[in-house]
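In: Fold the stuff below for me.
(2 chains)
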Amino acid sequence: MPPIERDHRITLNDFGDYVRVNFTKNGPTIIWFMVQFEVMLDGEPKPVVRYDSAHGFAHRDTLGWDGETINWQEMHNPNDYRAALTDAINDLTENWERYRSEFLRRGSK
Amino acid sequence: MKNELTESIIAQTNRNFALVGEFIAELIADDDLQSDLADDALLILVPVDDLSLARANFELALRSASRGEKTRLQFVGRERPSKRSCESNELNEFGTREIHPTFPMTLPPGADLTVVYDQARDALLVDFFKSRRVVLGIPVSAHTAVRIDSETHELVGYLVVSFLQFAVAQSPVLATALRRATFRSITESELGGLEIRNRTESAMSDLEALAVVSEISRFIA
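Out: Sure thing, here's the model as predicted:
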């Protein structure tokens, strides 16, 4: 069976904030992934934090107001993308509020 | 909308992130799931085991669709059918533009019509199927909600709150519904995730009492 790609934007709240989940799997194995939390400001989506396997290992990018990476950190499971995908959602579940408020604070400077 | 996080927004977002985790696990485990779903649609997840979040997300989807956004609802946590999805009549996701609560294809027998009046909440519930169906309640105005079957999208009934205080005052003929009504509490499952916030004042105010006495006197005369 050829690899299957999934790419979904999932709405989270009344602001229109959403999480974009994009991954390619081959059977049960995740061979590439990207999870991005975006906030909706004045009808425009702004990416806040991104987890992906670009550059060959799983890491988290903290993003600036214009989408630039201002900080990055290797994830706990850098080579197990299935575990990293789960870790990404768990990290967002625990910290989205802080990531969101820090992003807005950066933007308002 | 202001970008201030309220407690309800925080709670909804927390629960939705947890739901995203469940959805991804389902996506990874099942190659058939979502295979025909357009990537550009906004997905709104509907948990099968959390009626209040299901209702909140359903409303979110309706607002999103009403703004013209391509929106899809996706059930999460539902047991997968044993046969392939193409052979099954069950739906796991559907576009909100396709949701138009419809009257049942076949009219239920009159004996199945249930009318309940909950005095403590001043709420009238109408159910076409003797409260047998699992329903999702969707508010359509400040005082009324439709109750639909989450599987078939058929209209199962209605809920009217502030029934005597508001609805009957606006349309007195509605009071005849009480002739058919059973007087009891409306159950949580009958509410289908709806919450009735404002309870009726238990005591009649002096002004209301005077108005009633005056009206009865006029009726006698």
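In: hang on, isn't residue B:118 packed against residue B:159?
Out: No. Here residue B:118 does not reach residue B:159: they are 9.6 Å apart, not a contact under C-beta atoms under 8 Å. No exception for glycine: its C-beta is placed from N, CA and C like everyone else's.
In: These two: who's more crowded?
Out: residue B:159 (29 against 23; other C-beta atoms under 10 Å in any protein chain shown).
In: Common neighbours of residue B:118 and residue B:159, please.
Out: Residues touching both residue B:118 and residue B:159 by C-beta atoms under 8 Å, 6 or more residues apart in numbering or on different chains: B:124-125, B:186.
In: where's residue B:145 relative to residue A:66, distance?
Out: Between residue B:145 and residue A:66 the computed distance is 44 Å (C-beta to C-beta, to the nearest Å).
In: More neighbours: which of the two?
Out: residue B:145 (24 against 8).
In: would the more buried one count as being in a strand?
Out: Yes. Assessed by DSSP: H, G, I helix; E, B strand; the rest coil, residue B:145 belongs to a strand.
In: I'd like the next helix or strand past the lowest-mean-pLDDT helix or strand in chain B.
Out: Within chain B, no helix or strand scores below strand B:93-95, which has a mean of 47 by mean pLDDT, DSSP states H and E. The first helix or strand that comes after strand B:93-95 along the chain, using DSSP states H and E, is strand B:114-118.
In: Packing partners of that next one?
Out: strand B:123-127, strand B:182-183 (3 or more C-beta pairs under 8 Å, 6 or more residues apart in numbering or on different chains; DSSP states H and E).
In: Give the partner strands of the longest strand along chain A in its sheet and their orientations.
Out: Under DSSP state E, the strand in chain A containing the largest number of residues is strand A:29-41. Strand pairing for strand A:29-41, determined by DSSP bridges: strand A:18-26 (antiparallel), strand A:44-52 (antiparallel).
In: can you list those in TSV and add mean pLDDT?
Out: Listed next are those as TSV, based on pLDDT from 0 to 100:
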stretch	mean pLDDT
strand A:18-26	93
strand A:44-52	96
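In: In CSV, list those strands along with mean neighbour count and distance to residue B:179.
Out: As requested, the strands paired with strand A:29-41 are exported to CSV (neighbours: other C-beta atoms under 10 Å in any protein chain shown; distance: least, C-beta to C-beta, whole Å):
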stretch, mean neighbour count, distance to residue B:179
strand A:18-26, 19, 49
strand A:44-52, 19, 54
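In: Now distance to residue B:165 too, for these, in JSON lines please.
Out: Formatted as JSON lines, the strands paired with strand A:29-41 follow (distance: least, C-beta to C-beta, whole Å):
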{"stretch": "strand A:18-26", "distance to residue B:165": "40"}
{"stretch": "strand A:44-52", "distance to residue B:165": "43"}
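In: which residues touch residue 23?
Out: Looking at chain A here, since you left the chain open. A:5-6, A:30, A:32-34, A:81, A:85.
In: sorry, should have said chain B
Out: A:10, B:45, B:74, B:76.
In: Run a quick neighbour tally on the last one.
Out: By that I understand residue B:76. With other C-beta under 10 Å as criterion, residue B:76 counts 24.
In: what does the first one give?
Out: Under the neighbour criterion other C-beta under 10 Å, residue A:10 is assigned a count of 20.
In: before we move on, what about the second one?
Out: For residue B:45, the tally of surrounding residues (other C-beta under 10 Å) stands at 27.
In: So it: helix, strand or coil?
Out: When the rule is three-state DSSP, residue B:45 gets the label strand.
In: check contacts around it.
Out: A:10, B:16, B:19-20, B:23, B:57, B:73-76.
In: how does it look with 7 Å?
Out: Shown in contact with residue B:45 (C-beta atoms under 7 Å, 6 or more residues apart in numbering or on different chains): A:10, B:16, B:19-20, B:23, B:57, B:74, B:76.
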